[in-house]
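In: Show me the folded form of this:
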Amino acid sequence: MARKRNFSTFNLSFLDIMSCGFGAVVLIFLMIDHAANVHSDQVNDVLLAEVSLLEEEVLEGKNNLVRIRNTIADVDQQMVDAQGLASRIIKEVEESRQELAFFNKDTLAQKEHLNQLKSDLRSLEEEKKRLQAEGEKKKGEKVRQVIGDGDRQYLTGLKLGGNRTLILLDASASMLDHSIVNIIRRRNMSEQVKLNSPKWQRAIATVNWLASQFPVSSWYQIYTFNTEVKAAVPGSEGEWLEIKETKKLESAINYLQKLVPEKGTSLENLFISVSRLTPLPDNIILITDGLPTQGRKIRQGGNVSGKERIKLFKQARDELPKGIPVNVILMPLEGDPMAASSYWKLAIETGGSFLSPSRDWP
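Out: Numbers count the residues shown, from 1 in each chain. A predicted model of the protein is given here:
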């Protein structure tokens, strides 16, 4: 027989209500926790952005601080330099003041000395003008006149002057120096070194001095010689030049200053050129340093002995026109002992003079 159960409406409703309540609580809890997480994430992003910005500002501030420190160091160094410069300037100003004070003490004495110098200068200028005026009046006069081979001026033992004076300048390689060793050395050097050789410059100065002693109304010619004979005024070979034509004389001196001594010495070819001058000179001034090493025909290479040089000198002597006084200025060369006696005999036989000057002449 089936049993009947009792059904309770109250119990079922209570459980349903309780379940619904718990579900609502859980739902509310879930909803509240999710909103909190979303809000927390949003807040964290903002804070991180602010932190990054602050870190960038801190880094930039550190960089600026380093630059500021460097600038301060530069400024400090500039201040130190400026202080040093200021100290030096102050010291120099003080020294200048002391010097100025010293000079101011002597100002009066200096003025008096200056006035005295001006007075002396005026006196010297007046004396100069007086001497120049006297020189103009006496221009062309001779110290001593000799009838015969031409008028000559005697000065320092050398016979100068004449109506037609011929200067013969040795331009061979031996004119580079007084010793054989130095001649060989200089011969292998540059042209400028050769031109500046003391012996050669002395020879040019001698020609310049001689030219300044010529009478203003006379004629002259300047020949240079080695193995060849050339006029100091190019193209004037065989001609006489007037001493009053100063431009040509200056041109001749300039030519000598640019002439480089070279080659050997042919006295024979020189005297042959002298014999071709028309009219012949009445005075010859020969500037040389030794006996010839070449004759009329030029030979190449080989040494020339003393006897051979004497023989070449005698051959040249035979080519010299008669009746012309030869004045010799000898600049002795090492290793040529017979030169002085040979040229002295030439000067005596022709009625000229012989001079072997010191190394500071003229």
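In: hey, where'd the strands end up in the stretch 101-250 of the chain?
Out: In order along the chain, the stretch 101-250 of the chain carries the following strands (DSSP state E, counting those that start in this stretch): 153-155, 158-160, 164-170, 219-225, 229-231, 241-242.
In: which strands and helices sit next to the shortest one?
Out: Other helices and strands packing on strand 241-242, by 3 or more CB pairs under 8 Å, 6 or more residues apart in numbering; DSSP states H and E, are strand 219-225, helix 246-257. Bear in mind the C-beta positions are built from the backbone N, C-alpha and C, glycine included.
In: and the ones you listed, which is most packed in?
Out: When you average the neighbours per residue for each of the helices and strands packed on strand 241-242 (mean count of other CB atoms under 10 Å), strand 219-225 leads with a mean of 23.
In: for the strands of the stretch 101-250 of the chain, which one sits closest to V274?
Out: V274 sits nearest to strand 164-170 of all these, at 6.7 Å, using CB to CB.
In: Now do the helices in the stretch 101-250 of the chain.
Out: When assigned using DSSP state H, counting those that start in this stretch, the helices of the stretch 101-250 of the chain occupy the ranges 107-137, 180-187, 191-195, 198-212, 246-257.
In: Ranking the ones you listed by mean neighbour count, which comes first?
Out: The highest mean neighbour count among those belongs to helix 198-212 (a mean of 17), with neighbours defined as mean count of other CB under 10 Å.
In: can you redo the helices and strands packed on strand 241-242 as a markdown table with distance to V25 and mean pLDDT?
Out: As requested, those are arranged in a markdown table below (distance: least, CB to CB, whole Å; pLDDT from 0 to 100):
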| stretch | distance to V25 | mean pLDDT |
| --- | --- | --- |
| strand 219-225 | 140 | 94 |
| helix 246-257 | 130 | 91 |
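In: Quick check: which of the ones you listed is nearest to L100?
Out: Set against L100 and scored by CB to CB, the helices and strands packed on strand 241-242 come closest in helix 246-257, at 48.2 Å.
In: which stretches of the stretch 51-200 of the chain have low pLDDT?
Out: 102-110, 131-161 (pLDDT under 70).
In: do that again at 50, thanks
Out: Counting by pLDDT under 50, the low-confidence segments of the stretch 51-200 of the chain come to 139-155.
In: could you pull out the strands for the stretch 251-362 of the chain?
Out: All strands of the stretch 251-362 of the chain, identified by DSSP E, counting those that start in this stretch, fall at 283-288, 326-330, 354-355.
In: average pLDDT for the last one?
Out: Along strand 354-355, the predicted confidence averages to a pLDDT of 90.
In: Run a quick neighbour tally on S275.
Out: Here the neighbour count serves as a burial measure; for S275 (other CB atoms under 10 Å) it reads 13.
In: try T265
Out: Count around T265 with other CB under 10 Å applied: 27.
In: Same check on the one 3 residues further on?
Out: By other CB under 10 Å, the residues close to E268 number 22.
In: so who does it touch?
Out: Taking CB atoms under 8 Å, 6 or more residues apart in numbering as the contact definition, E268 lies against 292, 294-296, 312, 315-316, 319.
In: In terms of secondary structure, what does the helix or strand hosting L85 contact?
Out: Under DSSP states H and E, the secondary-structure element containing L85 is helix 9-105. Of the remaining helices and strands, none touches helix 9-105 by 3+ CB pairs under 8 Å, 6+ apart.
In: hmm, back to that, weed out the non-buried ones from the contacts of E268.
Out: Among the contacts of E268, those classed as buried by 16 or more other CB atoms under 10 Å are 292, 294-295, 312, 316, 319.
In: what's the closest of the residues you listed to K62?
Out: For the buried ones among the contacts of E268, the residue nearest K62 by CB to CB is Q294; the value is 94.5 Å.
In: Pull up the per-residue confidence for the closest one.
Out: Note for Q294: predicted pLDDT of 90.
In: what do you get for G351?
Out: According to the prediction, G351 has pLDDT 90.
In: thought E228 was touching N269?
Out: Yes: contact between E228 and N269 holds when scored by CB atoms under 8 Å: they sit 7.2 Å apart.
In: which one of these two has more residues nearby?
Out: Each of E228 and N269 has its neighbours counted (other CB under 10 Å); N269 has more, 22 against 13.
In: Now for that one: which residues touch it?
Out: Listed by CB under 8 Å, 6+ apart, the contact partners of N269 are 225, 227-229, 294, 296.
In: got CSV for the helices of the stretch 101-250 of the chain, with distance to R67 too?
Out: What follows is the helices of the stretch 101-250 of the chain, written out as CSV (distance: least, CB to CB, whole Å):
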stretch, distance to R67
helix 107-137, 58
helix 180-187, 68
helix 191-195, 61
helix 198-212, 69
helix 246-257, 69
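In: Can you tell me which of these is nearest to D170?
Out: Set against D170 and scored by CB to CB, the helices of the stretch 101-250 of the chain come closest in helix 198-212, at 7.4 Å.
In: Just list what that closest one packs against, helices and strands only.
Out: Based on contacts counted as 3+ CB pairs under 8 Å, 6+ apart, the elements that helix 198-212 packs against are strand 164-170, strand 219-225, helix 246-257, strand 283-288.
In: which stretch among the ones you listed comes nearest R69?
Out: helix 246-257 (70.5 Å).
In: C-alpha coordinates for the closest one, PDB please?
Out: The C-alpha coordinates for helix 246-257 follow below in PDB (Å, rounded to 0.1, in the frame of the first residue of the first chain):
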ATOM      1  CA  THR A 246     128.200 108.700 -66.200                       C
ATOM      2  CA  LYS A 247     125.400 106.300 -67.300                       C
ATOM      3  CA  LYS A 248     127.900 104.200 -69.300                       C
ATOM      4  CA  LEU A 249     130.300 104.200 -66.400                       C
ATOM      5  CA  GLU A 250     127.600 103.000 -64.000                       C
ATOM      6  CA  SER A 251     126.600 100.400 -66.500                       C
ATOM      7  CA  ALA A 252     130.200  99.100 -66.600                       C
ATOM      8  CA  ILE A 253     130.400  98.800 -62.800                       C
ATOM      9  CA  ASN A 254     127.100  97.000 -62.800                       C
ATOM     10  CA  TYR A 255     128.300  94.600 -65.400                       C
ATOM     11  CA  LEU A 256     131.400  93.800 -63.200                       C
ATOM     12  CA  GLN A 257     129.200  93.200 -60.200                       C
END
